[in-house]
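> Next input, structure requested:
(chains A and B)
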Amino acid sequence: MKIVVCVKQVAVLGDEVEFTDDARDVDPDFLDASLNEWDSYATEEALRIRENAGSDGDEIVVVSVGDGDVEPAMRRCLAMGADRATRIDHSGSRDPITIARLLAPVVNAESPDLVFCGVQSSDAVQAATGTALAELLDLARVAVVTRIELDTGARRATVHRELEGGLVDVTEVDTPALLTIQTGINQPRYATLRAIKQAEQEPIQLVAAGEEGEPAYRVRRMFAPPKGEGAELLDGSAADIARRIAGIVQERLK
Amino acid sequence: MARDPKYDILFEPIQLGPKTMKNRFYQIPHCNGFGSEKPLSQAYFRAMKAEGGYGACCTEYCSISPESDDTHRVSARLWDDEDVKNLSVMCEMLHEHGALAAAELWYGGPHAPCMESRSVPRGPSQIPSDFEYLTYAKEMDKDDIREVQQLYVDAAIRAREAGFDIVYVYGSHSYLPQQFLTPYYNKRTDEYGGSFENRARFWRETIEQVREAVGDDTAIAVRMSCDMFMGDAGTQLERDCLPFVELCDEIVDVWDINVSGISEWGEDATPSRFYPSGRLLPWQEAVKKVAKKPVLGVGRFTSPDLMVDAINSGKLDIIATCRPSISDPFLPKKIDEGRLDDIRECIGCNICISRWEIGGPPVICTQNATAGEEYRRGWHPEKFDTAENADNDVLVVGAGPAGMECAMILGKRGMRRVHLVEAADDMGGIMRWIPQLPGLGEWARVVNYRKIQIDKLRNVEFIPGTTLDANGVKEYGAEIVVIATGGYWVGDGLNGCTHDTIPGADASQPWCLTPEQIMRDGKDVPGARVVVIDNDGYFMGVSLAEKLASEGKKVTLMTHLGHIAPYMHFTLEAPNQHRKLHKLGVDIVTSHMPSRIEQGAVVATHVFDEDGHEQTWEADAVVLVTQRRSNEALYRELKDSVGFDTLRGEGITACYRIGDCEAPRLIADCVFSGHRLAREIDSENPEVPKPFIRERRVIERELAAV
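Below you'll find the model as predicted:
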């Protein structure tokens, strides 16, 4: 059993934001970085599947696309317990289709039983990489997964996926398959300082990026949205304010 | 980040007579335990607020004469030229930051016990103080009036000489000028008593004389209480205060408006338990409508929106803060820089004030561990040196007040990695449930502030829902371990009165409960009749009594002490807490200690009854607020079972404990404990606090100067 988890080191906005001189990106001086929250759940789910199976032969491989700066996110996954990590060396376009194209041959070469992606990344929030990768790998795909019951022998999984309005779709999928993992599916473990230190010493396999093709989109300009006309402040008792809000909502619904 | 333009008004200069204040942030007179005799502690303490952006900072009440000696409490003093020299340091340091310096000239009358000077205070009438025991004033004749007014003038001249820009003729809190204005104190039948004009005469003449002496280049401030909450006897807004403002507006440069007398000055320095921010605004607004001169006043303002609203709605010209400036001396600067989530908001616990009431140890603050430590320990609330051993990883076990503070400061000191590991699913420890006691919601700010800060620190990671045993700590991979596992209320009745358990007390029984069981674990309090046994003397017993009575229980609050919750006298919470419990029908039993507890009854004796007569209180439930103990199991296991030598073999060079885990203490002292360790994590022996500078006479130095 082998699970490949595709992870991303996301940018985290601080209190202030400025854009680069060409206005096509956020100035990196104003960004922190961390492992994408969804990917920590995906990694944890892979670790739990291995632990529940109790099979030492199972392997969890973390794959990411980027330059050397993205390695802290990968090392966080190693500190959590992933077995090895592969970085696809790339510093160009980061649109999800390009990323999926770069991931596909590397993931394919691993011949995994399961491929996990986070539902989305917290910085770009496009929720497209997993689906695009499934298409390129010709794998069955289930998105927004909140529960996995794996039948290894039958090479089949019963999967819960979250729909709008609190609905849950329970479906079956044959493996290999690609699942995009939703937050809340588990409680990701924390790495001890010792595990973090050990992960720092582990090698990360570096592979050259393949053909990235045409990007799915280009960023023309980033800017702060213009200020609106301002908010109306409601004064009065709680009942008065509630009545006013109800009135405004009714007005807008017309 | 830049300031939000909606706060611009707070940064507009304002004219106070001959002086210009650069913005609207004013540190109201308040005590700190330093006075004139710890001049460097005094100067550094006030200057920190000036550095943090305050436009003016004042002394605490500043005695004008040995006749106004408040010992055992600590005031500033301007009795002689030596005091001038000492207080001039404060003025110089404030001026360096562009802030004005103010002196609150004070004459206490009958409230000043003169325990050091052994002088006799003078007052309008001879009635003993309602604040201080056994203290009478000499009833002033006309010569006395002239002499005391001259004391004000002489002190004002000394204040100017020291470098003060603003001098007060301070009345509120029932001090001499206000005593003349108030029928409760003033029973005179001469031209200084009776009618409003007569009662106002002493104060007006004194202001005139001080103005005549120093007013050409010094701003004259008057601090007045607009309601003493004692009906006709006390000062009243319409009858006394507004006419006084009209009478004296011409000769006053700035009005400082508050409420209350001295014996219940918690109505002014309001605990958050009873009042929200801005409680004094109605009185301040009333004065502002009459006064042509600027009006300033307190209201425990921490929110810039409330400040702006107070100014824009015509209630105040200048935002005065006392406790919020202790909690965060950089409040103005953080508003200016748009860093609102970095503001360390005052929680209104009044632990700062308790120190003055106790008699003058240095000020402390639950939120700001550096308050009072600016000079003697050299601590800056916003600046942190990188630790010399910053290449170490630290494990902090327990995210209560001590653990949170320690992890935060270690993060700010640049330790490589700090892991704050907590058994529960969120930060806070005891501060997750204490703020759920009646009226204590604002105390949750202790957690909120630290949570936000820790979240911003990239080298600090919070790890919830994880319980570590000694082996877990050993294997964790840290070089430095800090144990902050807190404490607990005992379930067997062990207490500081009998130094023994209470026979029958057993919190494993359904009818016997501890504070944590009620507040944290949700253990049901059975039946209608509850006896709360309080041997602690601070907020826990009375808060639980109030909570249970509010829920409809018939509550008896029993203590071995002579008063319930005596420490709440120091925090000014006592009077209103008494009123609350009285209104809720809580039966208060003082000076009684249980001799045994059984299901259905508490049997107790009077602590001074040598014959041991027992009395029985029927009780469906018994709540034990007897004492706390440290949760030191993990520390003991590490030290005694695993052994520090073994830990060193695992690369753990040091293991410390902080907060309640070492010994139960005030929340403020838990925060201090965590802060202190983090500040000194790279000292020779971080376990032992480094010596602090003691401002004291050193006889060798003095003899050498002879």
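> Confirm B:Val603 sits in a helix?
No: counting by DSSP: H, G, I helix; E, B strand; the rest coil, B:Val603 is not found in a helix; it is strand.
> For burial, what's the neighbour tally of it?
Neighbour count of B:Val603, defined by other CB atoms under 10 Å in any protein chain shown: 16. Where C-beta positions appear, they are placed from N, C-alpha and C, glycine not excepted.
> Is it in contact with B:His592, as I believe?
No: look at B:Val603 against B:His592 with CB atoms under 8 Å: they stay out of range, at 10.2 Å.
> Please enumerate the shared neighbours of the two.
Counting by CB atoms under 8 Å, 6 or more residues apart in numbering or on different chains, the common neighbours of B:Val603 and B:His592 are B:Gln615.
> residues from the stretch 301-450 of chain B in reach of chain A?
By CB under 8 Å from any CB of the partner chain, the residues of the stretch 301-450 of chain B that approach chain A are B:Gly338, B:Arg339, B:Asp393, B:Leu395, B:Arg417, B:His419.
> redo that, cut-off 6 Å
Applying the criterion CB under 6 Å from any CB of the partner chain, the portion of the stretch 301-450 of chain B that neighbours chain A consists of B:Asp393, B:His419.
> Helices of the stretch 301-450 of chain B, start to end?
All helices of the stretch 301-450 of chain B, identified by DSSP state H, counting those that start in this stretch, fall at B:304-312, B:323-327, B:331-336, B:351-358, B:401-412, B:445-456.
> Residues in contact with the fourth one: which ones?
Going back to what we said before, that points to helix B:351-358. Applying CB atoms under 6 Å, 6 or more residues apart in numbering or on different chains, the set of residues contacting helix B:351-358 from outside is B:Cys31, B:Arg73, B:Ala269, B:Ile326, B:Pro361, B:Val363, B:Cys365, B:Thr366, B:Phe570, B:Thr571, B:Leu572, B:Ala668.
> Have a look at chain B and report the helix or strand with the lowest mean pLDDT.
Using mean pLDDT, DSSP states H and E, helix B:699-705 stands out as the lowest-scoring helix or strand of chain B, at a mean of 82.
> ok, and which of the helices of the stretch 301-450 of chain B has the densest surroundings?
For the helices of the stretch 301-450 of chain B, ranked by mean neighbour count under the definition mean count of other CB atoms under 10 Å in any protein chain shown, the leader is helix B:401-412 at a mean of 29.
> Would you mind getting the angle between that helix and helix B:445-456?
Relative orientation of helix B:401-412 with respect to helix B:445-456: 30 degrees, computed using axes from the mean of the first three to the mean of the last three CA atoms, to 10 degrees.
> contact partners of helix B:401-412?
B:384, B:394, B:396, B:418, B:420, B:427, B:431, B:446, B:450, B:453-454, B:457, B:459-460, B:482, B:484, B:658-659, B:667, B:670-671, B:673-675, B:677-678.
> And stretch A:85-102, by the same measure?
A:62-65, A:67, A:74, A:78, A:106, A:126, A:128-129, A:132-133, A:136, A:204-209, A:212-213, A:215-217.
> what does stretch B:436-447 give?
B:272-273, B:345, B:347-348, B:401, B:427-428, B:431, B:435, B:543, B:546-547.
> with those residues in mind, which one is nearest to B:Lys49?
Taking CB to CB as the measure, B:Glu345 is the one of these closest to B:Lys49, at 15.6 Å.
> Chain neighbours aside, what residue packs nearest to that closest one?
If the residues on either side of it in the chain are set aside, B:Glu345 comes closest to B:Thr302, at 4.2 Å by CB to CB, 6 or more residues apart in numbering or on different chains.
> same deal with B:Glu662?
If the residues on either side of it in the chain are set aside, B:Glu662 comes closest to B:Ser630, at 6.4 Å by CB to CB, 6+ apart.
> now the one you found: how far from chain A?
When distances are taken as CB to the nearest CB, to the nearest Å, B:Ser630 and chain A turn out to be 25 Å apart.
> Bridged to that residue, which residues?
B:Gly487 (DSSP bridges).
> likewise B:Ala601?
Listed by DSSP bridges, the beta-bridge partners for B:Ala601 are B:Glu598, B:Glu618.
> Let me see the contact set for the residue of chain A found nearest chain B.
Closest to chain B within chain A is A:Arg194: 2.7 Å, counting by CB to the nearest CB. With contact set as CB under 6 Å, 6+ apart, A:Arg194 has these partners: B:Gly477.
> Next up, the contacts around B:Arg160.
Taking CB under 6 Å, 6+ apart as the criterion, B:Arg160 is in contact with B:Val214, B:Thr218.
> before we move on, what about B:Leu544?
Each residue near B:Leu544 by CB under 6 Å, 6+ apart is listed here: B:Val532, B:Val623.
> mind checking which helix or strand it is in?
B:Leu544 is part of helix B:539-550 when elements are defined by DSSP states H and E.
> May I have that helix as CSV, with CA atoms only?
Provided in CSV are the C-alpha atoms of helix B:539-550 (Å, rounded to 0.1, in the frame of the first residue of the first chain):
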residue,chain,number,x,y,z
PHE,B,539,-12.7,36.2,45.0
MET,B,540,-13.4,32.5,44.6
GLY,B,541,-15.7,31.9,47.6
VAL,B,542,-17.9,35.0,47.2
SER,B,543,-18.1,34.5,43.4
LEU,B,544,-19.3,30.9,43.8
ALA,B,545,-21.7,32.0,46.5
GLU,B,546,-23.1,34.7,44.2
LYS,B,547,-23.3,32.3,41.3
LEU,B,548,-25.2,29.6,43.3
ALA,B,549,-27.5,32.1,44.9
SER,B,550,-28.3,33.6,41.5
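> Look up how far chain A lies from the residue minimising distance to the centre of chain B.
With distances taken as CA atoms, centre = their mean, B:Cys352 lies nearest the centre of chain B, 2.0 Å away. As for B:Cys352, its distance to chain A is 30 Å (criterion: CB to the nearest CB).
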